[in-house]
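Chemist: any chance you could fold what I've pasted below:
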Amino acid sequence: MFLNVPEGAPILTAAAMRAAEERAIAAGSSVAALMERAGTSVAEWVHRLAAGSEVLILCGPGNNGGDGYVAARVLASRGVPVRVAALGEPKTDAAAAARAAWGGAVEALSGATEAAPVLVDALFGTGLTRALDPVLAEIVNALVAQAGLSIAVDLPSGAETDGGGDFGATLAAFDVTLALGALKPAHLLQPVAQRCGAVRLVEIGLGESEAQVRTLARPRIAMPGPDAHKYNRGMVAVVSGPMHGASELAARAAYRAGAGYVLLLTGGLPSPPHAIVRQRWSAEALDDQRIGAVVIGPGLGRDDRAREKLDAALASELPLVIDGDALLLLDLTVLKDRAAPVVLTPHAGEFDALFGAGTGSKIERAQDAARRSNAVVVFKGADTVIAAPDGSANVAAMGNPWLSVAGTGDVLAGSIAAMLAQGRDPLDAASAGVWLHGQAARMLDRCFLADELADALPQAYERAR
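Modeler: Predicted structure coming up:
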């Protein structure tokens, strides 16, 4: 399921969300006013989606539960049959006032075994720090399973807001999640992102949030102008190794993503497409100052010869995209004082080998890795995070699971290199490459080869104009 939210939308942690609410209150709002707006917006979404069906709203003891009471009151005023089941008495003044204003019957959640066609989970929102009680989790899971439509308010209960984890519990997946005020990391990070279903951003009057972390946005890619030629469109060099196919894929992808000239430094035999210029590897080949970016790693190998090639690339003054085998040979200390941009593209195993297993969310780990390496880090996966050394980061919505096939990472490396060779800022280049890669996969849909993914990049490119 893909997010249906504004591109470039801020992503706020639980602490940042609390700070945004506090600023709104300081500017003249109140907790009760924010709750009223949130609950009313939830009711509008539920009213639209429920189409007159009975709704069961599960209300927790905090302000998320208060949002649920407001939603129940508004839905009832519109003639929607509503039941409310509560997990105890409200523990905040605003939630208590919302429950009193609801005025209808309140069932005990422990006895709510009779499901409704539409289930709304307003038990716990952001900031949960522990797993749901197993008995409560069992009740919620059973009600979700029986409902025809399940909607989570802000986050599915049991979700870890910042990390995207579920504290090890087995929890149900929802059809829709209504993100209140801003997206949270768990809306994009696995495994919770998969539980959220279709995410909808609900405005509650917090205003624009300044955030270092945002959702991946569609890049702005201009068509070549009348003064374009093969070198100012971007020249990409790809360093090959024993597995020629991987570097061939990266080279093909660089062309398909808009590079004007692709040089493949290889010891292999010439093969189509013949537009790729093939030259035997030498360190001197990287002295060509027309080269805008170098890809090294796909099919490189991990022997002494591979190390020599990586050392030569690192010693050059050229922008680098380091992928695959080269990541496992890399000494991070070499990058610290390197002036030319570097983009690292590890999957989870390569990331752990390079930076250590670490703690924190995937976003936090990517940000830390970018600071430590002085490079843009593309932490790949279903929830790809692109982070820069200054802490800025973009997070891609859930990727196409059919990308889990050999060679797609090589295609991504070539796509990023094409963007980098055109003189883009490295974070922007990496983000544009990830966007094109994901868009091409969505257009192919399923059961595709990495070769086909590379060949779909021009159609993705067209979507970015």
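
Chemist: burial count for residue 255?
Modeler: Around residue 255 there are 20 other residues, counting by other CB atoms under 10 Å. All C-beta spots, glycine's among them, are computed from the backbone N, C-alpha and C.

Chemist: give the contact list for it.
Modeler: Applying CB atoms under 8 Å, 6 or more residues apart in numbering to residue 255 gives the contacts 262, 273, 275, 276, 418.

Chemist: just these: which are in helices?
Modeler: residue 418 (DSSP state H).

Chemist: what comes up buried for the helix-or-strand element of the chain with minimal mean pLDDT?
Modeler: In the chain, the helix or strand scored least confidently by mean pLDDT, DSSP states H and E is helix 457-463, which has a mean of 88. By neighbour count with 16 or more other CB atoms under 10 Å, helix 457-463 contains the buried residues 457, 460, 461.

Chemist: nearest spatial neighbour of residue 214, chain-adjacent residues omitted?
Modeler: residue 8 (5.1 Å; CB to CB, 6 or more residues apart in numbering).

Chemist: I misspoke; the intended subject was residue 120.
Modeler: Per CB to CB, 6+ apart, closest to residue 120 is residue 57, 4.3 Å.

Chemist: hey, what's the one you found bridged with?
Modeler: Judged by DSSP bridges, the bridge partners of residue 57 are residue 84, residue 120.

Chemist: and it, how many neighbours does it have?
Modeler: Using other CB under 10 Å, residue 57 is surrounded by 31 other residues.

Chemist: next: residue 91.
Modeler: Each residue near residue 91 was counted by other CB under 10 Å, and the total is 13.

Chemist: related to what we said a few turns ago, ok, and what's touching the least confident helix or strand of the chain?
Modeler: Helix 457-463 has contacts (CB under 8 Å, 6+ apart) with 218, 221, 253, 256-258, 411, 415, 435-437, 439-440, 443.

Chemist: now the stretch 201-350 of the chain, which segments are flagged as low pLDDT?
Modeler: 267-270 (pLDDT under 70).

Chemist: can you show me the strands along it?
Modeler: Here the stretch 201-350 of the chain has its strands, by DSSP state E, counting those that start in this stretch, at 213-215, 235-239, 261-265, 277-279, 291-296, 320-322, 342-344.

Chemist: now the ones you listed as a markdown table including mean neighbour count and distance to residue 120?
Modeler: Shown next, in a markdown table, are those (neighbours: other CB atoms under 10 Å; distance: least, CB to CB, whole Å):
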| stretch | mean neighbour count | distance to residue 120 |
| --- | --- | --- |
| strand 213-215 | 21 | 25 |
| strand 235-239 | 29 | 51 |
| strand 261-265 | 25 | 53 |
| strand 277-279 | 15 | 60 |
| strand 291-296 | 29 | 49 |
| strand 320-322 | 31 | 46 |
| strand 342-344 | 26 | 42 |
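
Chemist: got JSON lines for those, with distance to residue 194 too?
Modeler: As requested, the strands of the stretch 201-350 of the chain are exported to JSON lines (distance: least, CB to CB, whole Å):
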{"stretch": "strand 213-215", "distance to residue 194": "17"}
{"stretch": "strand 235-239", "distance to residue 194": "34"}
{"stretch": "strand 261-265", "distance to residue 194": "37"}
{"stretch": "strand 277-279", "distance to residue 194": "43"}
{"stretch": "strand 291-296", "distance to residue 194": "31"}
{"stretch": "strand 320-322", "distance to residue 194": "29"}
{"stretch": "strand 342-344", "distance to residue 194": "26"}
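
Chemist: so how far is residue 106 from residue 100?
Modeler: 11 Å (CB to CB, to the nearest Å).

Chemist: more neighbours, those two?
Modeler: Ranked by neighbour count (other CB under 10 Å), residue 100 and residue 106 place residue 106 first, with 16 against 10.

Chemist: residues contacting the more buried one?
Modeler: Residue 106 sits next to 59, 84, 85, 86, 99 when contact means CB under 8 Å, 6+ apart.

Chemist: hmm, residue 86 and residue 95 touching each other?
Modeler: No - counting by CB atoms under 8 Å, residue 95 does not reach residue 86; the two are 10.0 Å apart.

Chemist: which neighbours do the two share?
Modeler: With CB under 8 Å, 6+ apart, residue 95 and residue 86 have common neighbours 61, 65.

Chemist: who wins for most neighbours among the contacts of helix 457-463?
Modeler: Ranked by neighbour count (other CB under 10 Å), the contacts of helix 457-463 have residue 253 at the top, with 36 neighbours.

Chemist: so what's that one closest to, chain neighbours aside?
Modeler: residue 414 (3.1 Å).

Chemist: where does the one you found fall, phi/psi-wise?
Modeler: Phi and psi for residue 414, reported as degrees, to the nearest 10, are phi -70, psi -40.

Chemist: which residue sits closest to residue 91 in space, ignoring its chain neighbours?
Modeler: In space, residue 91 is closest to residue 61, 4.4 Å off (CB to CB, 6+ apart).

Chemist: what's the answer for residue 125, then?
Modeler: Leaving aside its sequence neighbours, residue 125 sits nearest to residue 64 (CB to CB, 6+ apart; 3.5 Å).

Chemist: show me what the helix or strand that neighbour falls within is in contact with.
Modeler: In the assignment (DSSP states H and E), residue 64 maps to helix 63-77. For helix 63-77, the surrounding residues in contact (CB under 8 Å, 6+ apart) are 31, 35-36, 38-40, 42-44, 46-47, 55, 57-60, 82, 84, 86-87, 90, 92, 94-95, 97-99, 101-104, 120, 122-125, 153-154, 180.

Chemist: again, only using 7 Å
Modeler: Applying CB atoms under 7 Å, 6 or more residues apart in numbering, the external contacts of helix 63-77 come out as 31, 35-36, 38-40, 42-43, 46-47, 55, 57-59, 82, 84, 86, 90, 92, 94-95, 98-99, 101-102, 104, 120, 122-125, 153-154.
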